[in-house]
Every structure is written in structure tokens, then in C-alpha cells.
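In: model this:
(2 chains, ligands or ions: 2)
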Amino acid sequence: MKTIYFDNNATTQVDPQVFEAMVPFFKELYGNPSSMHHKGGEVAPYIRQARQHLADLLGCLPDEIIYTSCGSESDNTALWSAIRTQPDKKHLITSRVEHSAVINNVPLLRRLGYRISEIGVDKYGRLDMEEFLRALSPDTALVSFHWANNETGVIFPVEEIAGICHERGVVFHTDAVQAVGKIPMDMRGSKIDMLSLAGHKLHAPKGIGALYVRKGLKFSPFLVGGHQEEGRRGGTENVPYIIGLGKAAELAGLRLGEENTRVKALRDRLEEGLLKIPYSMVNGDRVNRLPNTTNISFEYIEGESILFHLSHYGICASSGSACTSGSLEPSHVLRAMGVPFTAAHGSIRLSLCTYNTEEEVDFALEKFPLIVAKLRGLSPFWKDDGPAESTLLTCDSDSCNLCG
Amino acid sequence: MWEYTDRVMDHFENPRNVGVVPRIDGEGQVGSLSCGDALRLTIQVDKDKDLIEDAKFQTFGCASAIASSSALTEMIKGKTLDEALAITNQDIAEYLGGLPREKMHCSVMGQEALEAAVANYRGVPVKSAQGEVICKCFGVTDVEIEKVVKTNRLTTVEEITQFTKAGGGCGQCKPKLEELLARILHQQTSRSSEVKPGRMTALKRIKLIEEAINTQIAPALMRDGGDIELVDVDGYEVLVTLKGACASCPASKATLADFVTERLRALVDDHIVVKEYHA
Ligand SMILES: Cc1ncc(COP(=O)(O)O)c(C=O)c1O
Ligand code: FES
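Out: Ligands and ions are numbered 1, 2, ... in the order given. Here you go, the predicted model:
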């Protein structure tokens, strides 16, 4: 069975060129770049070159990049650096739809006495800018908003927000894990202070990430250790993976145009085709959105069962349903957007990349209607070709928090 | 990705008895669309024989919810109502070759739909729907939780969530769940202590411990892929080797040891201390 991989926001396949670039660093080029002998010395230029590639992709200086082990480490580093370097400020602003790498710090910070404003979004997943502006205060240590949402692909106006923060002297961090390599960015003309990225979302391997830290910004390391990364992140460099990320950044730069034309067209074709299925709808702003992502709900059926049937045909996707979120409730992103529960449980995210083809899209468009029809045939909420009358829409406990 | 057995995948991909029976004599509905899974079970009853002639289901939910519903209809067809009512959620899970712990609530949903359908046919109220709602997120009552804790010998709040979903939403009900669980476990202990033998000789105690392990505790553990072996008894100290479903997982071992202790105290003596033997 052929695999059709439409789950590139979860992780991507390592590009063969990336892999090839890494191999020598598992073999003959095994030196520690800190060592004072030729084995160490021969590695250093490659690391410098890799850093330059990543800097080119972000439009920043090479020494504004700190390598980390993953996107989550980058996010945590940014958050705690802003807190430690501004001990007098006790307020943070973030949104309700961030990745868990940011959002799961909130309870801990609250326990430590911080005030956190979690800004909401509208039904299209767009940030409530007014609520954000109201929340800003002289006590704000950090504003952290993701550049693009991993589930819906909705893009936040981070440049505008960075400008607002800069004017008021507030540090701004953006989790750009989903945005890097998919949309153009240039830190030179930007007021963004810190930016997180993760290699495995752009065809580098898992386990390598980076944090951009604007030159001159006060910084406090998250992982304390040796003098690596100029003392900003301890630990011997993960040389092969740094090389891999460099190569991936180089390729991403070259493919950025294609991502926003061919991949976008494939996504649109897929989305338009799926919307022909009755009682389906797109979750999220279709205008300001990553070119590769669509999040579609099929009402009255449940996401995990859709995924298993898709997997049966070799198609990989993901869902924001309760059964797949591991938390028994649908995704926090869809809930923050107020997606009705008839649709939230049946949401499917399809995220493409440059490896996908038109044939794959057409194959999926052929199978989806069969799967949806099969599951609706089992559903107590479906009759013939429309919703059935049912008393099971909301539960009968009159005090249930979900049904209100 | 969940690891489902081949039988679960078979019942998911080829569900048996989908739809509504020709003549609805009893109907049970549980769950809701908002909660993420819902099951409607209809049964047709041979009134003279008190026998389920036909059963069909409609389910909204994940693969294991669909498979559990399908399995349930297969299990109850041709059974008398009383025989059908004796089916526990464990039986449904076993029929499917087991379910991931996090998905056990799917088997519970099946069992509750059955109970509701039979109650509906008999014109009596459904027992588990009564009682006080403990978890508002998923509308789970104390009666329901107590039943599931007892049939599945649950000992932690986490397990209650896996089996009933209670506590899996906002988490506000967790303190109440703790309290309820402590009460149920205490009841079990004290109720069985009534039948517990009075003063015992050391020999009798050893015999009782051995019997409890062999006839009650070992089978319960084996159901989940674990095992227990009695190594030695020294006064009230019971030395055992334990094997969890995942052999090297310290967390599961801790709960295993708690479970064994709880059972031995209930069945033999309140002073029992269980120690794990490391060869
Ligand atoms: C928006 C966002 N932030 C952070 C992360 C975490 O990245 P990593 O898995 O490399 O830690 C992800 C990955 O899923 C993401 O999508
Ligand atoms: S009330 Fe039980 S999880 Fe919210």
C-alpha cells in the first residue's frame, strides 16, 4: 500500500539531501567543535555554514541563532529568559490557542505568582486584538503568540504585534514552529525579539530546534552548562543534526515559492473537493492561513474513526477530536474558536508539503466520501442524507459543563 | 496511535448489526454528541421466553466505541434478558481481545446501553442514571462510578477516568472522585471484614493468603496481562513477585502492589503488608 502523507504539521519526512549531508558527521567528521585539535577544527566550518543557511532563511545574523533540542525547548527558553531577565515584571500575555509547549507553562507560572492574560480568538481563529491591547501593561514581561496555528494554519499578525510591543518596551516572542519554511520572514525589518522553530517540521530530523534571539536582547540560558552557543545553551553541539537543519533551511528557502504556489494549489483543490461533502466546513480563517494546511469538520461523525479508515487506504492525517487529543475533550484550539460540538469531534487536519502530488489529492478525494458515508450510516445522528432528530445531541445531565 | 487488537479492528471495519430492530421493544441511549461518543441500542424481545431475538446499534464515536457496540449486539443476541444483564463491561472488552485502558469507557458505554434497553423494555428506571452527578463535564453519577469501580476492581482516580471519563474534562470533580473512591474501597474492606475469619493460627492465615492469591488476585491480574506469585509469608508480611502488563514499569508496579494489598486486607486480614520480592 502506498503511503499518502498529509500530516506534515505533525512531522515531516527527512529530505534525502538532508540525510546525505548529515551522514559524514556520524562517521569520519565526529570531532567535538570545542576541541583544540584538528578533529574538532575540521567540524567548525560546517557548523558555521549551517548557521548561515538558517540565518538566511530567517533574515537574521548567524549569531542571533541558538540551537536547541526541539521546538518545545525553544519556547521554554524564550519564556523563562524573559521572566528571569525582568524580575520586577509579573505579567505575561499569550493566547488560548498556543501549542502545549507554551500553554502548559501557564499553571506553573500562576502558582509562582504571575498574572497571565490568555487572549481569545474569534470563530475564525483570529486573535482578539482589542483584548490584547487592553491586556498590555507596564508590568508585562513577555508577549508570546504563535506565528501560525498547528491545527488550523491560521496566521496571527505577529509583525504588527511585535511593533506594538516594541513601542511599549515589551519583549515579544513568537512560536514560529509551523510558519518557518512555509511563509517568508525577514528578521532584519522586524521587531520580533525571539522566535522558535523546530527542524522536523521542515524536513530536518526530530530532536533539533533553534531560537532566534535579537542581538542586544537580555538573555538568560535555560540549559546551563559549557560555553557552547556563546554560553547561551550548554551541551556539546548536536553536530549532525545542526548540519541537517542547515541543509533543510537551505532547501526550504529554495522551495518557499513552490510552497506558496503548487502546494497551496494542491491544498485548495483538496479543500474544495472535500467541501462538496454535505455538512462539512472549514475551521479557521481561509485568508490568513498557511499554504499547506486545511482543517475540515465532517459533522455527526467522529474524527478517530475517520482517521482509521483513512489509514486503511494509506492516507495519514490527524484530528482534533476528543478520542485523539488524549484528553477526552476536543482540541483546545477548536474549543477556543467556539466550533460547535457537532463539528469539533469530526475535525480532520490535512497538512501537505512539496512531496505531495495531484494524484494523491485525487485519490483522497475519491475515498473521503465513502468513509464519511460509511460512518454516517452508523451514526445515530444521521438519517438518509441529513441529520436525524435525536435526543442524544447533548447529554441529559442538566448541569453538564460542555453542553452549557 | 492506539494499539487495537485485530478483533477490535474487524468489528470496527465490519460492524455487525447496524441499524434499528424491526420492532423496538426496548431502547437504550447513552452518551451524547457533545461528549464525543453516543450509542443507541434497540432490542426485540421474544416475550414468552424473555429472550433477546434481535439487537441493533447506531454509534457515534471512535473505533473502539463502534467495535464495543458491535460486539455487544453479537453477545446479547439469543440470550435471556437476565443472562444479558449479567454481561459486564469486562466481558465486552474480553470479547474483543482487550481494549486499551484509556478506551475502557467504550465498553462501559455498551454495558450501560444494554442496561438501559432492558430497563426500558421492563418499564423500570435505569439504576446508573440515578444518584448524584459527580462529574459535570461528562454527566457521570456516583452510582455509575461505584458500579464500575466494583466490577473492574479499580483503585485509582485515573482508572475511573479511563473507565467512565469522569475527571477527564476540566478536572474540577477530582477531589470528589478521590473521596468517593476512598469510600467505596473502605466499604469493600469493611464489608468483607465481616465475613473475615476471627482469630487465626499462622498456618490458617498462610492458607487463606495462598487461596486468595490463587483464586482471586492472580486471575484479576492475568486479565490485564499481569501475574503474581507467592514467595513467602512471614507473620503479616507477604512476599510476592509481581508482573505488570509492562514488566519494567515502576508506576504500574506501585498500583499493582496497592491493589494486591487492598485485596489481601479485604479477604484475609487488615494488618497484611505486601512486599515485592526481587530475585
Ligand atoms: C506550534 C508548535 N509549537 C511547538 C511545537 C513543539 O515542537 P517539538 O515537538 O519539536 O518540541 C510544535 C510541534 O508540534 C508546534 O506545532
Ligand atoms: S466536572 Fe468532571 S472533569 Fe469537569
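
In: tell me, how many residues neighbour the closest residue to ligand 1 within the stretch 1-150 of chain B?
Out: Across the stretch 1-150 of chain B, no residue is closer to ligand 1 than B:Met1, which sits at 16.2 Å (CB to the nearest ligand atom). C-betas here are computed from N, CA, C, even on glycine. Taking other CB atoms under 10 Å in any protein chain shown as the neighbour definition, B:Met1 ends up with a count of 8.

In: quick one: it and chain A, what's the gap?
Out: B:Met1 is 8 Å from chain A, where distance means CB to the nearest CB, to the nearest Å.

In: A:Leu310: how many residues sit nearby?
Out: Other residues near A:Leu310 come to 22 when the count uses other CB under 10 Å.

In: next one: A:Val97
Out: Tallying neighbours of A:Val97 according to other CB under 10 Å, which is how burial is gauged here, yields 27.

In: state the distance from it to ligand 2.
Out: Between A:Val97 and ligand 2 the distance, using CB to the nearest ligand atom, to the nearest Å, works out to 21 Å.

In: for whichever residue of the stretch 151-279 of chain B sits closest to chain A, pull up the helix or strand it's in.
Out: Taking CB to the nearest CB, chain A has its nearest neighbour within the stretch 151-279 of chain B at B:Gly168, 3.3 Å off. Assigned by DSSP states H and E, B:Gly168 belongs to neither a helix nor a strand.

In: same check, this time on A:Val361
Out: Following DSSP H and E, the helix or strand that holds A:Val361 is helix A:358-378.

In: flag the shaky bits of the stretch 101-250 of chain B, pLDDT-wise.
Out: Applying pLDDT under 70 to the stretch 101-250 of chain B flags residues B:190-199, B:224, B:244-250.

In: residues from it in reach of chain A?
Out: With CB under 8 Å from any CB of the partner chain as the criterion, the stretch 101-250 of chain B comes near chain A at residues B:Glu102, B:Ala129, B:Val133, B:Lys136, B:Cys137, B:Phe138, B:Gly139, B:Thr161, B:Lys165, B:Gly168, B:Gly169, B:Cys170.

In: now, which of these lie within helices?
Out: Secondary structure defined by DSSP state H assigns B:Thr161 of those to helices.

In: and the buried ones among the residues of the stretch 101-250 of chain B next to chain A, selectable in PyMOL?
Out: Only the buried entries of these go into this PyMOL selection, using 16 or more other CB atoms under 10 Å in any protein chain shown:
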select buried, chain B and resi 102+129+133+136+137+138+139+161+165+168+169
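
In: and the two most separated of the residues of the stretch 101-250 of chain B next to chain A?
Out: With distance counted by CB to CB, no two of these lie farther apart than B:Glu102 and B:Ala129, which are 24.2 Å apart.

In: in contact with A:Phe156, which residues?
Out: Each residue near A:Phe156 by CB atoms under 8 Å, 6 or more residues apart in numbering or on different chains is listed here: A:Ser95, A:Arg126, A:Leu127, A:Phe145, A:His146, A:Trp147, A:Ala148, A:Asn149, A:Thr174.

In: now the last one, what's its secondary structure?
Out: A:Thr174 falls in the strand class when you classify it by DSSP: H, G, I helix; E, B strand; the rest coil.

In: what's opposite it in the beta bridge?
Out: A:Thr174 has these beta-bridge partners by DSSP bridges: A:Leu195.

In: tell me, how many residues neighbour it?
Out: Residues lying near A:Thr174 (other CB under 10 Å) number 28.

In: next: the first one.
Out: Per other CB under 10 Å, the neighbour tally for A:Ser95 reads 25.

In: residue nearest the centroid of chain B?
Out: A centroid search over chain B (CA atoms, centre = their mean) returns B:Asn152, at 3.1 Å, as the residue closest to the centre.

In: that one touches B:Glu159, doesn't it?
Out: Yes: proximity of B:Asn152 to B:Glu159 meets the contact threshold set by CB atoms under 8 Å, at 7.5 Å.

In: quick one, domains of chain A?
Out: Described in terms of automatic domain parsing, the domain architecture of chain A consists of the residue ranges A:16-252, A:256-373.

In: any chance of those in CSV, plus mean pLDDT?
Out: Formatted as CSV, these follow (pLDDT from 0 to 100):
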stretch, mean pLDDT
domain A:16-252, 96
domain A:256-373, 93
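
In: figure out which of the ones you listed is closest to B:Pro175.
Out: Nearest to B:Pro175 among those is domain A:16-252 (16.5 Å), distances taken as CB to CB.

In: the helix or strand hosting A:Ala265 to helix A:358-378, inter-axis angle?
Out: With elements taken from DSSP H and E, the one containing A:Ala265 is helix A:264-274. Helix A:264-274 and helix A:358-378 are oriented at 30 degrees to each other (axes from the mean of the first three to the mean of the last three CA atoms, to 10 degrees).

In: just the helices in the stretch 101-250 of chain A please.
Out: Residue ranges of the helices in the stretch 101-250 of chain A, as given by DSSP state H, counting those that start in this stretch, are A:106-111, A:129-135, A:158-167, A:228-231, A:239-258.

In: and the last one, is it in reach of ligand 1?
Out: The reference is to helix A:239-258. No: for helix A:239-258, no contact with ligand 1 is found by CB under 6 Å from any ligand atom; the gap never falls below 11.4 Å.

In: tell me the helices and strands packed up against that helix.
Out: With contacts defined as 3 or more CB pairs under 8 Å, 6 or more residues apart in numbering or on different chains; DSSP states H and E, the packing partners of helix A:239-258 are helix A:16-22, helix A:44-58.

In: helices and strands around the helix holding A:Val361, which ones?
Out: The contact analysis (3+ CB pairs under 8 Å, 6+ apart) places helix A:358-378 against strand A:4-5, helix A:264-274, helix A:303-312, strand A:315-316, strand B:51-60.

In: same thing but 6 Å
Out: With contacts defined as 3 or more CB pairs under 6 Å, 6 or more residues apart in numbering or on different chains; DSSP states H and E, helix A:358-378 has these neighbours: helix A:264-274.

In: contacts for the next helix or strand after the helix it packs on, please.
Out: Towards the C-terminus, the helix or strand next in line after helix A:264-274, according to DSSP H and E, is strand A:280-282. Residues external to strand A:280-282 that are found in contact with it (CB atoms under 6 Å, 6 or more residues apart in numbering or on different chains): A:Ile296, A:Ser297, A:Phe298.

In: can you tell me which of those residues lies nearest to ligand 1?
Out: Each of the contacts of strand A:280-282 was checked against ligand 1 using CB to the nearest ligand atom; the closest is A:Ile296, at 18.7 Å.
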